[in-house]
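Undergrad: Sequence and predicted structure below; questions after.
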Amino acid sequence: MNVVLYGSVIIKTMKRTILISLFLLFSAVAFAQNDSYPADYAKSPRFKALIYYTTNAETDHVLFAEKAVEYFKRLTYGDGFYLDVTTEFKYTLEQLMEYDILIMLNASPVGEMRPVFEKYMENGGGWLGFHSSGYNDRSTNWPWYNDFLGVSYFLCNNWPAQSALLCIENPNHEITKNIPSEFVSAPTEFYQFEPNPKMKQHLEVLVSLSQKNYPIGIKDVVKWGEWPVVWTNTKYRMIYFNMGHSEESFMSETQNLLMLNCFRWVLSQDKKGDPFKKQ
Ligand code: ZN
């Protein structure tokens with residue numbers, strides 16, 4: 001190779017290197033300025049949750065709670081959020097207000113904690129309540145909770161726990177938009193309440209037990225009735241989730257997704273801002 005030809009190859013190589021460098025530089029600048037990057041990685045926990053359950057309940061309800069604690073703990077991996085777990089629901093309002101969501105797995109507040117919980121919810125608190133946390137009969141004697149849940153008292157249930165066909169009432173809601181219009185639940189005991197939550201204007205029913213299930217039950221057989229199983233009281237940042245009777249409650253991936261949607265939605269409605277959106 002003569003000197004001229006050798007020099008020309010060097011110049012071509014330099015040009016190419018400069019062009020590639022410029023391309024990479026512009027790409028890096030464009031990448032840094034592009035807000036449409038598809039993921040946000042949290043650098044610190046986004047919110048604070050408190051799980052409450054009691055061990056003073058029927059065995060299946062305790063087993064559900066223990067399984068649910070495991071489930072929610074797995075969601076904290078990577079420091080996505082802070083999670084405290086208690087079996088003694090005794091807090092001041094100030095302490096409760098530190099939490100963005102209360103998850104009640106198998107019990108509701110009693111005694112002097114009732115007015116504290118009321119104030120927490122009236123002041124924008126978040127609540128996700130499962131199955132027996134919503135149980136209230138004529139002896140519960142807590143009118144505020146009746147209004148909060150939108151039902152007056154427990155009416156009946158199927159028995160034993162079993163799977164059932166559920167149907168979506170509002171497919172456009174954030175909680176249901178990625179859920180099939182009908183799906184089979186994990187095995188559970190379902191509570192039917194009086195009056196039917198659909199009758200209350202401030203309640204939005206999202207999921208119901210399909211009428212195709214009737215008659216449902218082996219020992220205790222329920223023959224008819226409108227049977228909402230997931231709803232929100234639009235006056236509060238809350239979801240009641242009727243499922244969650246035993247440790248079998250996590251056997252339906254679709255139901256798990258629905259539950260996760262409920263959890264995220266309650267948090268996303270926080271007046272302090274949606275923790276899943278870049279602030
Ligand atoms: Zn139960």
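TA: Right, received. Where do you want to start? Residues are numbered from 1 along each chain as shown.
Undergrad: contacts, neighbours, all on C-alpha from now
TA: OK.
Undergrad: any idea how far residue 272 is from the residue nearest to residue 54 when sequence neighbours are not counted?
TA: Once flanking residues are discounted, residue 54 sits nearest to residue 87: 5.0 Å by Cα to Cα, 6 or more residues apart in numbering. The spacing between residue 87 and residue 272, counted by Cα to Cα, to the nearest Å, is 28 Å.
Undergrad: cool, and residue 42?
TA: Residue 42 is 17 Å from residue 272, by Cα to Cα.
Undergrad: low-scoring pLDDT stretches of this structure, where are they?
TA: Of all residues in the chain, those with pLDDT under 70 make up the ranges 1-35, 278-279.
Undergrad: Please identify which helix or strand holds residue 240.
TA: Residue 240 is located in strand 237-241, with elements delineated by DSSP states H and E.
Undergrad: okay, stretch 263-273 in CSV with CA atoms only?
TA: Listed in CSV are the C-alpha atoms of stretch 263-273, where the atom choice follows Å, rounded to 0.1, in the frame of the first residue of the first chain:
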residue,chain,number,x,y,z
PHE,A,263,-54.7,-2.2,45.8
ARG,A,264,-53.2,0.0,43.1
TRP,A,265,-56.4,1.9,42.5
VAL,A,266,-57.0,2.8,46.1
LEU,A,267,-53.5,4.2,46.3
SER,A,268,-53.8,6.0,43.0
GLN,A,269,-56.8,7.9,44.2
ASP,A,270,-54.8,9.5,47.0
LYS,A,271,-55.3,13.3,47.1
LYS,A,272,-51.6,13.6,47.8
GLY,A,273,-51.0,12.3,44.3
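Undergrad: What residues sit buried inside the first helix or strand past the strand holding residue 240 going along the chain?
TA: Scanning forward in sequence from strand 237-241 by DSSP H and E, the next helix or strand is helix 253-268. By neighbour count, with 16 or more other Cα atoms under 10 Å as the criterion, the buried positions of helix 253-268 are 254-259, 261-268.
Undergrad: Likewise for stretch 49-59?
TA: For stretch 49-59, by 16+ other Cα under 10 Å, it's 49-54.
Undergrad: and which of those residues is nearest residue 126?
TA: Top of the list for closeness to residue 126, among the buried residues of stretch 49-59 and by Cα to Cα, is residue 49 at 9.2 Å.
Undergrad: Perfect, that will be all.
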